[in-house]
Structures are given as C-alpha cells and as structure tokens.
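Trainee: model the structure of this input:
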Amino acid sequence: MTRSPERSEPDRSNAAAASERAPVSTAAGRLLELTVSDLALIDRLRLTFDAGLNVITGETGAGKSLLIDALGLALGTRADTTLVRHGADVARVEALFDRIPEPLIAVREVATTGRSMARLDDSAVTAARLAEDVGPLVEIHGQHDQGRLLDERWQRELLDGFGGHEGLREAAADAVARWRENRAALDAAALDPREVARRLDLLEHESAEIASARLRPGEAEAIRARLTAAQHGEAIARGAATLHEALTADGAGARDATATALHEARGLARLDPRFEPLADRLLGLEAEVADVADEARRLAETIDHDPGALAELDARLGIIHGLLRRYGDDEAAVIDHGLRATAEAERLRGLDEERARRQRADAERLVEVAAVTAALSSARQAAATALTAAVGEALEELGFPTGVFEVGLGRRPAGAGEPAVELGGDAVAFDSTGVDQVVYRLAPNAGEPPRPLARIASGGELSRVALAVKRILAEADETPTLVFDEVDTGIGGRSADPIGRSLWSLARRHQVLCVTHLPQIAAHADAHFRITKRERDGRTVTQVERLDREGRIVELAAMLGGGPGDAAALASARELLDRAEAWRGQLIGAGRER
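Mentor: Have a look, this model is predicted:
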C-alpha cells in the first residue's frame, strides 16, 4: 500500500521549501511505477516513484531488497520460482517507464511450475528481449559491486567506460585478432622439412592415383549390375527371345493379335461411335507392344558374353573398391579427397614462400598493434588523470582528505619468448585489451603511500570509494535510473551524511532508488518509503508506505534507535531532517545543486 505525502505544511522552513523545488532530471526512461503481486511476502503493492532520490527503509527482513529483486524481474533477470508467494500460482511484476507519448510497460510473470512469461507493452516477448530493451533504462548497484571494484580488470573496464574508449578498445582488439590469426598461420607453416617432404610424397601419390583412375560417380554400381547380368546371360537371352517371340510372332504374337483387335474396333466405331475410345486405346496398346518388343531385343543384345570384357569389368571394379576403402564411401567422396590432396600438396610446395610472407606480416601486424595500443594507452592516461581528480573531489565530499585517491597505469614487461610490442623503447606484453595494467590506489592515512584498494581499504572506506566512482561514472552515463541496494554497508553515522548529500546530488541528473539503513542518508530523500511486515488473516505480508514529513521524522527516530514516543529520538530526527533540508536550500540558493 502507498500513501501520498502532504504537499503543504505550515511549519516547514524556507530552506525546506526551497529544497523541495530542487530541479531533477526528467529524462525519458525513468521508472514511474512498480506494481508487485504474490512475490515472497508481498501480496500486492503499487509504488509511484519520484524523479529524484527515492529512499526505501524498514526493519531487517521486511523485504527492502525484495523490491529490487522485483524490479530486476521486470528488467529480464533470471526468474526464481521460490519467490512465488506460498499459496499462489504466479508472481507478477509490472514496471512503468516514462516514454513519449505513452509509458513503456514491462511485465514479468513467474509461475511455480517454472514457466516465465514476459510482455513489453502489449506484445509477448522473451526475458532476453526485456533485458535488451528495458535493461538499459536501469542500473542496479549492489553490495557485490564493491567486491568487483577490487578486481583490477574491472577497474580497467570502469576507466575505459569513463574515458569513452569503446572505439579505441575495438581497434586494439581487432588489431590483436589480426595478429593472432596471422601468427596461427605462421605456426602452422613452421613444419619440419622432412615432415613436409613425407606429407608431400603421400599427397602427390594419392592425388595421382585418384586422378589416373578417372572415376565417375555411380560407376561401381553400374559395373556390378552388368556383371550380375552377365552371370545369367544365357537365361536372360533365352527369356528375352521368348518374350520377343510372344510379342512379334506372325499370326500368334501379341502384336498381330492387337492389330486384328484394332481393325475390328475401328469397324465397329464406324457403326457405333461408342467404340471409338476402345479403338484409340488399342492403337496405343499396339504401339506399346511394339516398343516393349524392341526394348527386350535391345537389352538382350547388351548382355556381355565376351570373357575378356567381363574380366576387364571385374578388374575395374577391383580398382574402384580399393579407392573406396582408402579414400571415401563413394566415387564422389574419393574425387573430393583427390582435389583436397592436390590443393594441400600445392600449399606444401609453396610453404617456404608462405612462411616468409607470414613472417613479414607478423612484423607488420605487431607494428599495427603497437600503434593502436599506444593510442589507447595515451587516452587511458588522460582519462586516469581526469578520473583521479573527479573521484578525489567526490571523496572529499564524503569525508576523505585531499589527494587520497589515484588511478595508476602500468605496463608488464614481456617475458622471454613472449610476444611483445615496443613502446618507449621497452618490450611490453599485450592482449586484446591493450598494454595497460590499471590499479585504483587509496591513501586514507596521512603520510602513508597509496596502495591498491584490495590491500588497504576497509569495508566502510570501500563503500565510499565505490559510491564516489559510481557517482562520477553515472554523471557521464545516460542511464535514466540508478538503484543502490545497501551500498552503505560498513559505513558509520559520521560518514553517512556526506553519502546522503552525494546521492541527492546524483539524483539531480538521474532518478535514484536507494535501500539504506542509515537515517543520515534517508534524511536527504525526495521521496521516502517505509517497508514493514504485518500479519493479515494469519499470514505475514509486506507493506510499503510513502511517508509525509511527520512520518519521515518518526521513521528517522526509529532508525536512530528510539522507541515509540521517544521524545529525544524524535527531536534528533527532526533536527537531522531540518539540517538536510537547510543544506539543500543553501545549495539551490547558490545555484550549485548540480
């Protein structure tokens, strides 16, 4: 369930009113509504989101992250049947996204049977299609993303995304792929001369043997038929003569009988037209009998009686069978084998020239790789400088000292025998991503040198660094909606207020949804949703309520640890909200909300 916030409150300060007028991004694609039914503890709810910073809070286990899971289903993520509410057959999620002239509607249903249904507007689509069309509208950042930030390969990907290096990355990958293709051909050409000579002799023998046989497709079958007929030559000759006699014998043959019948039928047809069709049929029969007689005579004449000719046929069949055993299942396969052997022999005869050509191409390809990877490396260096400054500035807002963060670039020297390109006089190893090793370093303690994040950052520090990096990258990104699922893990109250401010600033350019347990962050929300568990008809259900200002104060007091009616906690919560609103008011008044 949801409840709209009150829009006018007489006790609101001027700063609070000014902060409410803070401009936010209204770019198409932002999330307008999320409707969920029969998903885990959620029986039915509908949320309408603000264009700015939307904060979701609530007790542990109430289902805050469940809303993010529901949104993920609408974005095409893998369906889990265990999420279907007990007693229901189907869980359903519907997400509305801003689009002109009408909202974009993405629907996902998950059944207990394991079947999943997806719809985009009014059309049935696959989950992959949802991910393709709707996925780019939302980017979800979870706690696992902090672990990814420790991976130096992922750090390089983030740097390239920040610098817009897609074209340079593609050029480098293409150049390396061309080099690898040529190197594979060069390796294939690097055969031992004795092995080449042995293979060439074999191929030439096979090619010559097949070519000299002059095979014809179907030849073996034809020879076998002729030999089988020759074995029964006398019987076939006698039978064919008898057949011919029965058809053509004067007076007693079928041909004469048919002619007599035809003569009679024609006479009858002159008296009665009904006999004309019979006369026509007998005319055809007469011709057919004559044709059969001639064909029987011709076939009888083709029977081989010459022992010498039969021996030649038998020898020819033996040759063909030998080729079939060695080279293929039929004549066509043997012929193809001969053509391949001829082509391979030709290649081997030109192997020395091919090897020399590939060696020249190897050097040329490495020059190409060096050029494109050097250009990519130069662009990365410039981007690293810019990202260092931008993230450093964001970290200062999050409570870090100046100069705490840096993006370092390095190159790995190529090992002995390892492919390399020459850059700056050094032999450098490379792969499809270029020549650079990228590492994010942090120096949180004064006087200590910066060290890689994986070796120095605590949980809270890593959370703040991750948020700073995401904020900077998001400012250069066009993704309409950003979701942060408890990325404040490990952060204490002292660091939380700067994070809330950072998220609010980010929400001027993107719609932001944030699941948090920190009141200092929740105080900066443009829209605050509280999620709770309730018992209804003997079942536990999750409810979500959009809070008005007084409701926010009560929720912030609870998040500060105060019980119901705790005056001190309520006063602290009110002060916390007033302070957040005053900060926003000052920022907006100075025109620095962006």
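
Trainee: now residue 502: which helix or strand?
Mentor: Assigning secondary structure by DSSP states H and E places residue 502 in helix 493-506.

Trainee: buried set for that helix?
Mentor: Residues of helix 493-506 classed as buried: 495, 496, 497, 498, 499, 500, 501, 502, 503, 504, 505, 506 (neighbour count, 16 or more other CB atoms under 10 Å). In short, each C-beta sits where N, CA and C put it, glycine included.

Trainee: identify the residue spatially nearest to the residue most central in space within the chain, adjacent ones excluded.
Mentor: Nearest residue to the geometric centre of the chain (CA atoms, centre = their mean): residue 128, 8.8 Å. Excluding the flanking residues, the one nearest residue 128 by CB to CB, 6 or more residues apart in numbering is residue 76, at 6.5 Å.

Trainee: what about the one you found, is that helix, strand or coil?
Mentor: Classification of residue 76 by DSSP: H, G, I helix; E, B strand; the rest coil places it in coil.

Trainee: that one and residue 138 touch, don't they?
Mentor: No: counting by CB atoms under 8 Å, residue 138 is not a contact partner of residue 76; they are 10.5 Å apart.

Trainee: any idea how far the helix holding residue 502 is from the chain center?
Mentor: Relative to the chain's own centre, helix 493-506 is displaced by 36 Å; criterion: CA atoms, centre = their mean, to the nearest Å.

Trainee: quick one: strands adjacent to the next helix or strand along the chain from that helix?
Mentor: Scanning forward in sequence from helix 493-506 by DSSP H and E, the next helix or strand is strand 511-515. On the basis of DSSP bridges, the sheet neighbours of strand 511-515 come out as strand 53-58 (parallel), strand 481-485 (parallel).

Trainee: now stretch 520-531: buried residues?
Mentor: Quick answer for stretch 520-531 (16+ other CB under 10 Å): 520, 521, 522, 523, 524, 525, 526, 527, 528, 529, 530, 531.

Trainee: secondary structure and pLDDT for those - can I get that in JSON lines?
Mentor: Below are these laid out as JSON lines (DSSP: H, G, I helix; E, B strand; the rest coil; pLDDT from 0 to 100):
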{"residue": "520", "secondary structure": "helix", "pLDDT": "90"}
{"residue": "521", "secondary structure": "helix", "pLDDT": "91"}
{"residue": "522", "secondary structure": "helix", "pLDDT": "92"}
{"residue": "523", "secondary structure": "coil", "pLDDT": "92"}
{"residue": "524", "secondary structure": "coil", "pLDDT": "93"}
{"residue": "525", "secondary structure": "coil", "pLDDT": "93"}
{"residue": "526", "secondary structure": "coil", "pLDDT": "93"}
{"residue": "527", "secondary structure": "strand", "pLDDT": "94"}
{"residue": "528", "secondary structure": "strand", "pLDDT": "95"}
{"residue": "529", "secondary structure": "strand", "pLDDT": "93"}
{"residue": "530", "secondary structure": "strand", "pLDDT": "91"}
{"residue": "531", "secondary structure": "strand", "pLDDT": "89"}
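
Trainee: specify which member of these is nearest to residue 361.
Mentor: residue 521 (58.2 Å; CB to CB).

Trainee: pretty sure that closest one is touching residue 514, no?
Mentor: Yes: between residue 521 and residue 514 there is a contact under CB under 8 Å: 6.8 Å.

Trainee: next, show the common contact partners of these two.
Mentor: Residues touching both residue 521 and residue 514 by CB atoms under 8 Å, 6 or more residues apart in numbering: 55, 503.

Trainee: tell me which helix or strand comes right after the strand or helix carrying residue 295.
Mentor: Using DSSP H and E, residue 295 sits within helix 276-302. Using DSSP H and E, the helix or strand that follows helix 276-302 towards the C-terminus is helix 307-327.

Trainee: continuing past the longest helix along the chain, what's the next helix or strand?
Mentor: With DSSP state H setting the assignment, residue counts place helix 351-397 as the longest helix in the chain. Downstream of helix 351-397, the first helix or strand assigned by DSSP H and E is strand 405-411.

Trainee: gap between residue 222 and residue 313?
Mentor: Using CB to CB, to the nearest Å, one obtains 10 Å as the distance from residue 222 to residue 313.

Trainee: what about the two, which has more around it?
Mentor: residue 313 (17 against 12; other CB atoms under 10 Å).

Trainee: go ahead and confirm the more buried one touches residue 226.
Mentor: Yes: judged on CB under 8 Å, residue 313 makes contact with residue 226 at a distance of 6.1 Å.

Trainee: show me what contacts residue 323?
Mentor: Counting by CB under 8 Å, 6+ apart, residue 323 makes contact with 209, 210, 213, 215, 334.

Trainee: can you lay out those residues as a markdown table showing distance to residue 181 and neighbour count?
Mentor: Output for the contacts of residue 323, formatted as a markdown table (distance: CB to CB, whole Å; neighbours: other CB atoms under 10 Å):
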| residue | distance to residue 181 | neighbour count |
| --- | --- | --- |
| 209 | 35 | 17 |
| 210 | 32 | 23 |
| 213 | 38 | 18 |
| 215 | 36 | 22 |
| 334 | 33 | 22 |
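
Trainee: so residue 221 is in which element?
Mentor: helix 219-231.

Trainee: what do you get for residue 555?
Mentor: Going by DSSP H and E, residue 555 is in helix 549-559.

Trainee: show me the two of the contacts of residue 323 that sit farthest apart.
Mentor: Using CB to CB, those span at most 10.7 Å, a distance reached by 209 and 215.

Trainee: re earlier: for residue 29, which of the strands paired with strand 511-515 is the nearest?
Mentor: Closest to residue 29 of the strands paired with strand 511-515 is strand 481-485 (CB to CB; 7.2 Å).

Trainee: relative to helix 493-506, how tilted is that closest one?
Mentor: In terms of direction (axes from the mean of the first three to the mean of the last three CA atoms, to 10 degrees), strand 481-485 departs from helix 493-506 by 170 degrees.

Trainee: put the alpha carbons of strand 481-485 into PDB.
Mentor: Output of strand 481-485 as PDB, limited to C-alpha atoms (Å, rounded to 0.1, in the frame of the first residue of the first chain):
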ATOM      1  CA  THR A 481      17.500   5.200 -13.200                       C
ATOM      2  CA  LEU A 482      20.200   4.200 -10.800                       C
ATOM      3  CA  VAL A 483      19.500   1.700  -8.000                       C
ATOM      4  CA  PHE A 484      21.700   1.400  -4.900                       C
ATOM      5  CA  ASP A 485      20.900  -1.700  -2.700                       C
END
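
Trainee: coming back round to it: quick one: distance of the longest helix of the chain to the chain centre.
Mentor: On CA atoms, centre = their mean, the centre of helix 351-397 falls 26 Å from that of its chain.
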